[in-house]
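[1] Let's see this in three dimensions:
(2 chains)
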Amino acid sequence: MKKVWLICFALMLFLVGCQTNETNQEVEAQDDASNKAEESSDEGGDEAPVEVVFWHAMGGALQDALDQIVDQYNQSQDEVFVKAEYQGTYDEALTKFNSIAGTDSAPTMMQVFEIGTKSMINSGGIEPIQTFVDQDGYDMNHLEENIINYYRVDDQFYSMPFNSSTPVMYFNKDAFEAAGLDPDSPPTTYQEVEEVSRQIVANNPDMKGFALQAYGWLYEQLLANQGALLMNNDNGRSETPTEVGFTEEEGKSVFAWVEQMMADETFANYGTNGDNMISGFFAEDVAMFIASSANVRQVVDEASFEVGVAFLPYPEEKERHGVVIGGASLWMMNGQPEEEQQAAWDFMKYLQTPEVQAEWHVGTGYFAINPAAYQEQVVLDAYEAMPQLKVTVDQLQSTTSSFATEGALMDMIPEARRITETALETVYNDGDIDQAYQTMVEQINGAIDQANRARGE
Amino acid sequence: MNQLAIPIKQLEANDLERITKKQKRIKMFKGFTFLAPSVLLFSLFLFYPLGRTIYLSLFLTNSSGMPTVFVGLENYQNIFSSPIFLKSLQSTFLFVLYTVPGAILVSLFLAIVANEKLKGIGFFRTMYASTMGISTAAASVFWLFLFHPTIGWLNQLLNAFGSAPIGWLTDPEWALISVAISTIWMNIGFTFLVLLGGLQSIDHYLYESADIDGAGYLYQLRRITLPMLSPTLFFVITVTFINAFQTFGQIDMLTRGGPQNETYLMVYSIYQEAFMNYQFGTASAQAIILFVLILVLTVIQFKLGERKVHYQ
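    Okay, the predicted model is just below:
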């Protein structure tokens, strides 16, 4: 009987091993099938509207804003019908896509976060936007320069930028006034933030000065703002990175900053939870925090006090370099009927028009990808009513273009972020900053090695 | 006649052997036919994925989970030399240690109390069992509000008593305990209901005769209730034990494995490796380790625990 089990087990392993090759063949077969579908659909008439399946990761209020735009597009013409499907957070949506990339179940187009760029290119399931830009003679240069710099890889556009945001510092203007500070000149450097925090706490012991969510994206931004690279090989823009790109001094600066504020007892620790931090800000438990500009509208609307928005701080001894584009872009899938791809391309172009971008910018706080949108009346009116929205745009436009601010390209960045978050939390809980830094760098380098090996090149 | 009878007898003996063998084979075939549906389903949903996981654990994979480079046992070696995984193993054991006895003791107490025949006891029984009807996600959101560092009720309560607030989910010393508390709360509904069922099925003549013999309440509890309840208790312990090892939902909702990986339990670690880091090889190796771990511990539990169980 034991032998029988052993044989069964061996057989099972064998079958499991064979399965890999079969799947690849299946995918190819499906590709063939969809190519045929493509040919036949070309001949078909254009009676029914072409359906474009659009996967996105915009939840909550952002989803409402997006659905509204999609509805307007669907009503504006009768040749294309866009079906927007919410697929969970960026991470979840990307995971779903990875398991069906290159098959028939893939959507026509999809929204992917900026750090998924490399992983999408490697997936083999996408059609670079460049193809359509060339076919159509579309001019990408009328889009915001700093945004297209991120998405231009090896002089090619792989995806269409869509929603972009950067981190900004929110502060409680009323608390500034109460502490005898000028609410119109917020702190700009780490040292000034420390000083202002001390004054706020001295004035009101129930309020902490500053909060920094343990979020890898913010750490990356604080590095870029002082001109530091996240990955070597020019942030992975010239070659695949082999290790981290920042120096020890640059990497530790954020840790040391937080350590100082903790020693002053002016730092509020909300861990990795951004919602808790924002509700703490609303409850006037903390006077300043850093978060994505996509929250501007919500924070300003919901706070019971006056909210100021300022640029991201930097270390005094450095210069301000500016911020990296965060947010997401739209990807076209290959293996879809050409008709559908063209329809999706038309929708992407529609999204870039000044009117739509103006509405999107005002409705959410994301940037307008098309700078012409800033001249639209809707935007001008909104700036009148909510000048904070403009700060985020100014910060982006004053960014100096360099490899640091173009952002890193690497498929394991999501993992690096989680490693960074653990290191930040260690510091927040009185851990030794040298040790936290060493562990973080070792783990990130290990993850880079592993990712490079797994590609099997 | 006599001369003829002998070969016939020999023939019969041979035949008998053949017939019994044939019958055995038919029996075996019949047995397997009855087993076939479950064997088929098990192979499809359990054995095949298990085999696939073992296979994947020997490879590095690309982002869609296809194996790319064969590395043998390297994934396992890496796991056991990784401080994060060792930490995760430690947290998982601690978590099991907090939640299993915690949930069992609390719900045993509630079940014994709710087993009394009092007016309106149905209301309390419903209340105690009600957490069973709440999904992990909803319960986690509810606890997230309670645990909020500044506006959460728990910290406001502490504040009212003049003690310093606790960073329930942000302080590494507290996070695992906080998650354990919320998990115990979520588990109480199920364990309470099963234990109450067990208590109700104990024959009340046993208590009546004990009363006549003059046994006190605590003596009855120790000598009648607990021994008679032991099969149910054993079942509940085994189930909560395995569930505790496989905890995922509340971790994902409450702490996402933080702070400082204090609540990075094994299943969450597997999820992160596979679906966030796209290291399906490492994730599979961890899954196999978890499988072996639960298997071994459950076998030990059956060997040790079942001796003390009293079956009627």
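[2] going forward, measure contacts and count neighbours with C-alpha atoms only.
    OK.
[3] can you list the residues of the stretch 1-150 of chain B near chain A?
    Near chain A, the residues belonging to the stretch 1-150 of chain B are B:48, B:51-52, B:55, B:60-69, B:148-150 when assessed by CA under 8 Å from any CA of the partner chain.
[4] need the contact list for the nearest residue to A:Tyr270 once chain neighbours are set aside.
    Once flanking residues are discounted, A:Tyr270 sits nearest to A:Met277: 5.6 Å by CA to CA, 6 or more residues apart in numbering or on different chains. When contacts are counted by CA atoms under 8 Å, 6 or more residues apart in numbering or on different chains, A:Met277 touches A:Ala211, A:Gln213, A:Tyr270, A:Phe289.
[5] Look at the nearest residue to the second one once chain neighbours are set aside and give its secondary structure.
    Setting aside the residues directly before and after it, A:Gln213 is nearest to A:Thr272 in space (CA to CA, 6+ apart), at 5.6 Å. When the structure is split into helix, strand and coil by DSSP: H, G, I helix; E, B strand; the rest coil, A:Thr272 lands in coil.
[6] separation between A:Thr272 and A:Thr189?
    Distance of A:Thr272 to A:Thr189, computed by CA to CA, to the nearest Å: 23 Å.
[7] and if you look at B:Gln23?
    Per CA to CA, B:Gln23 is found 89 Å from A:Thr189.
[8] higher neighbour count, these two?
    With other CA atoms under 10 Å in any protein chain shown as the criterion, B:Gln23 and A:Thr189 differ in neighbour count, and A:Thr189 comes out ahead with 19 against 12.
[9] Which residue lies nearest the spatial centre of the chain?
    Using chain A here. A:Gly327 (3.2 Å; CA atoms, centre = their mean).
[10] think we crossed wires, I meant chain B
    The residue at the geometric middle of chain B, judged as the C-alpha nearest the mean C-alpha position with CA atoms, centre = their mean, is B:Ile242 (1.9 Å).
[11] in what helix or strand does that one lie?
    Here B:Ile242 is covered by helix B:226-245, with elements defined by DSSP states H and E.
[12] Any buried residues in that helix, and which?
    Neighbour counts using 16 or more other CA atoms under 10 Å in any protein chain shown place B:226-234, B:236-238, B:240-242, B:244-245 of helix B:226-245 among the buried residues.
[13] same check, this time on stretch A:96-108
    Neighbour counts using 16+ other CA under 10 Å place A:Lys96, A:Phe97, A:Asn98, A:Ser99, A:Ala101, A:Gly102, A:Thr103, A:Asp104, A:Ala106, A:Pro107, A:Thr108 of stretch A:96-108 among the buried residues.
[14] Do I have it right that A:Gln341 meets A:Met332?
    Yes - the criterion here is CA atoms under 8 Å, and A:Gln341 meets it with A:Met332 at 7.1 Å.
[15] Which neighbours do the two have in common?
    Here A:Gln341 and A:Met332 have A:Thr108 as joint contacts, going by CA under 8 Å, 6+ apart.
[16] Give me the more crowded residue out of those two.
    Neighbour totals were compared for A:Gln341 and A:Met332, and A:Met332 leads with 26 against 22 (other CA under 10 Å).
[17] So which residues of the stretch 101-250 of chain B form strands?
    In the stretch 101-250 of chain B, no segments count as strands under DSSP state E, counting those that start in this stretch.
[18] Single out the residue in it that lies closest to chain A.
    For the stretch 101-250 of chain B, the residue positioned closest to chain A under CA to the nearest CA is B:Thr170, at a distance of 5.2 Å.
[19] where's the residue nearest to that residue when sequence neighbours are not counted relative to B:Gln250, distance?
    Once its chain neighbours are removed from consideration, B:Thr170 has its nearest residue in A:Gly271; the separation is 5.2 Å (CA to CA, 6+ apart). Here A:Gly271 is placed at a distance of 17 Å from B:Gln250 (CA to CA).
[20] Check B:Thr298 too.
    Distance of B:Thr298 to B:Gln250, given as CA to CA: 24 Å.
[21] of these two, who's got more company?
    With neighbours defined as other CA under 10 Å, B:Thr298 and B:Gln250 compare such that B:Gln250 has more, 24 against 17.
[22] residues touching the more buried one, list them.
    Residues near B:Gln250 by CA under 8 Å, 6+ apart: B:Thr136, B:Ala137, B:Ser140, B:Val179, B:Thr183.
[23] Surely the first one and B:Trp185 touch.
    It refers to B:Thr136. No - because the distance of 10.6 Å does not satisfy CA under 8 Å, B:Thr136 is recorded as not touching B:Trp185.
[24] so what's A:Val82 up against?
    So A:Val82 contacts A:Glu51, A:Val52, A:Val53, A:Phe54, A:Val70, A:Tyr73, A:Asn74, A:Ala344, A:Phe347 (CA under 8 Å, 6+ apart).
[25] Equivalent analysis for A:Glu306, please.
    For A:Glu306, the contacting residues are A:Asn172, A:Lys173, A:Asp174, A:Val300, by CA under 8 Å, 6+ apart.
[26] Can you report how many residues lie near A:Asp394?
    A:Asp394 is flanked by 11 other residues according to other CA under 10 Å.
[27] and A:Glu442, that one's in a helix?
    Yes - secondary structure assignment places A:Glu442 in a helix (three-state DSSP).
[28] about what we covered before: quick check: the residue nearest to A:Gln213 vs A:Ile290, distance?
    13 Å.
[29] again, but for A:Val299
    For A:Val299, the distance to A:Ile290 (CA to CA) stands at 12 Å.
[30] element containing the residue lying closest to A:Val324 once chain neighbours are set aside?
    Of all residues not flanking A:Val324 in the chain, A:Thr405 sits nearest, at 4.8 Å (CA to CA, 6+ apart). Assigned by DSSP H and E, A:Thr405 belongs to helix A:403-406.
[31] other SSEs contacting that helix?
    Taking 3 or more CA pairs under 8 Å, 6 or more residues apart in numbering or on different chains; DSSP states H and E as the contact definition, the neighbouring helices and strands of helix A:403-406 are helix A:145-151, helix A:216-225, helix A:232-236.
[32] circling back: on the pLDDT front, check the residue nearest to A:Tyr270 for me.
    According to the model's per-residue confidence, A:Met277 sits at a pLDDT of 89.
[33] A:Leu11 now?
    With respect to pLDDT, A:Leu11 scores 58.
[34] Next one: the residue nearest to B:Thr170 from B:Asn261, what distance?
    In this view, A:Gly271 and B:Asn261 are 12 Å apart by CA to CA.
[35] quick one: which of those two has more around it?
    Each of A:Gly271 and B:Asn261 had its neighbours counted (other CA under 10 Å), and the higher figure belongs to A:Gly271 (29 against 26).
[36] can you pull the contacts of that one?
    By CA under 8 Å, 6+ apart, the residues touching A:Gly271 are A:Gln213, A:Ala214, A:Glu425, A:Tyr428, B:Leu169, B:Thr170, B:Pro259.
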